[in-house]
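Student: let's see this in three dimensions:
(one chain, ligands or ions: 1)
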Amino acid sequence: MNLAKFRHRSLSEGPWRNTTVWTAGCSIRCRGCFNVNLWDPRAGHKVGLVDFLHTVLDGRNKGDKGLAVVGGEPFDQPLALGIYLMAVKLLVPQLTITVYTGFTLEALLKRPKARLALRVIDFLVDGPFVRKLANGNLGYRGSSNQRVIDLVKTRSNRWVIQIADWDNLVVIGEDYIAGPEQLLGTLVNSQPSECGRMVKEAFHEEPVHLNPA
Ligand code: SF4
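Tutor: Residues are numbered from 1 along each chain as shown. Next up, the predicted model:
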């Protein structure tokens, strides 16, 4: 996978300590992006799966509770992302995987190459950075259009389930204040949604019929 850098014990990508990995290359190119230096794929270098897993294990041994993948745009390398994350999930199943993407979940569900990664990600922060929606109170997101989606619950429901309190949780000292099991989820749609139907179909479960007669 083409990666630019990593950091252990990062406090910037969610309410627990992460091993954070920056991918190189971004095709989305939002205005006002903070990582313009990572738009060019040449900003990174190839990191093999074994070295990647060593980095993740090293972070786990230092106390990291999660792996966060940020950009650049992680889904510009969808197959490698899926394979690497699946390997992490098999090796360290208790590690929470968060991915930040400039694509929406709906757009990713239309791309078969993105399916493997979408099967193993725990939290997906989706959507492009929109400068006029940027807000200093957003905590671990750049702009308010970006959703924090609990993909574990979304995969098993017909609703997209967003995390309600992601922005308000902070890490204090050496401790993380909440684990993923303590985060509050919100059912965003009261009716089965189009996106929920796409999730069901993407993961080969029985399709949900909207507006059943
Ligand atoms: S998707 Fe992320 S890395 Fe790419 S331009 Fe938007 S904010 Fe920057």
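Student: ranges for the helices of the chain?
Tutor: 49-61, 78-91, 105-109, 115-120, 151-155, 194-202 (DSSP state H).
Student: who's in contact with the third one?
Tutor: In this structure, residues lying in contact with helix 105-109 by CB atoms under 8 Å, 6 or more residues apart in numbering are 75, 101, 114, 118, 124, 126, 147, 149, 154, 160, 194-195, 198-199, 202. (C-beta placed from N, C-alpha, C; glycine too.)
Student: show me where pLDDT drops low in the protein?
Tutor: 158, 170-182, 186-193, 203-213 (pLDDT under 70).
Student: the same query, at a cut-off of 80, please.
Tutor: 136-137, 139, 156-159, 164-213 (pLDDT under 80).
Student: can you tell me, leaving aside adjacent residues, what's nearest to whichever residue of it sits closest to the ligand?
Tutor: Distances between the chain and the ligand by CB to the nearest ligand atom are smallest at Gly102, namely 2.5 Å. Distances taken as CB to CB, 6 or more residues apart in numbering put Ile28 closest to Gly102, at 3.8 Å, once the chain neighbours are dropped.
Student: and what of Glu13?
Tutor: Ala68 (3.8 Å).
Student: just checking, Ala80 touches Thr23?
Tutor: No: if you go by CB atoms under 8 Å, Ala80 and Thr23 don't touch, sitting 9.1 Å apart.
Student: ok, Pro41 - contacts?
Tutor: 2, 24-25, 76.
Student: 7 Å instead?
Tutor: Residues in contact with Pro41 (CB atoms under 7 Å, 6 or more residues apart in numbering) are 2, 24-25.
Student: how about those residues in a markdown table, adding neighbour count and distance to Ala134?
Tutor: Converted to a markdown table, these look like this (neighbours: other CB atoms under 10 Å; distance: CB to CB, whole Å):
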| residue | neighbour count | distance to Ala134 |
| --- | --- | --- |
| Asn2 | 17 | 27 |
| Ala24 | 25 | 23 |
| Gly25 | 20 | 23 |
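Student: now, those that are in strands?
Tutor: Asn2 (DSSP state E).
Student: in contact with Ser12, which residues?
Tutor: Counted by CB under 7 Å, 6+ apart, Ser12 has contacts Tyr140.
Student: ok, now how distant is Val120 from Thr104?
Tutor: 19 Å (CB to CB, to the nearest Å).
Student: what sits against Asn37?
Tutor: Ala43.
Student: who's more crowded, Ala80 and Thr23?
Tutor: Thr23 (29 against 21; other CB atoms under 10 Å).
Student: just give me the neighbour total for the closest residue to that one other than its chain neighbours.
Tutor: Nearest residue to Thr23, sequence neighbours excluded (CB to CB, 6+ apart): Gly72, at 4.0 Å. Gly72: 30 surrounding residues under other CB under 10 Å.
Student: am I right that Gly72 is in contact with Arg29?
Tutor: No: Gly72 is beyond contact range of Arg29, at 10.8 Å (criterion: CB atoms under 7 Å).
Student: report the central residue of the protein.
Tutor: Val99 (1.9 Å; CA atoms, centre = their mean).
Student: from the contacts of helix 105-109, which two are the most distant?
Tutor: Spatially, the most separated pair among these is Phe75 and Glu194, at 20.3 Å (CB to CB).
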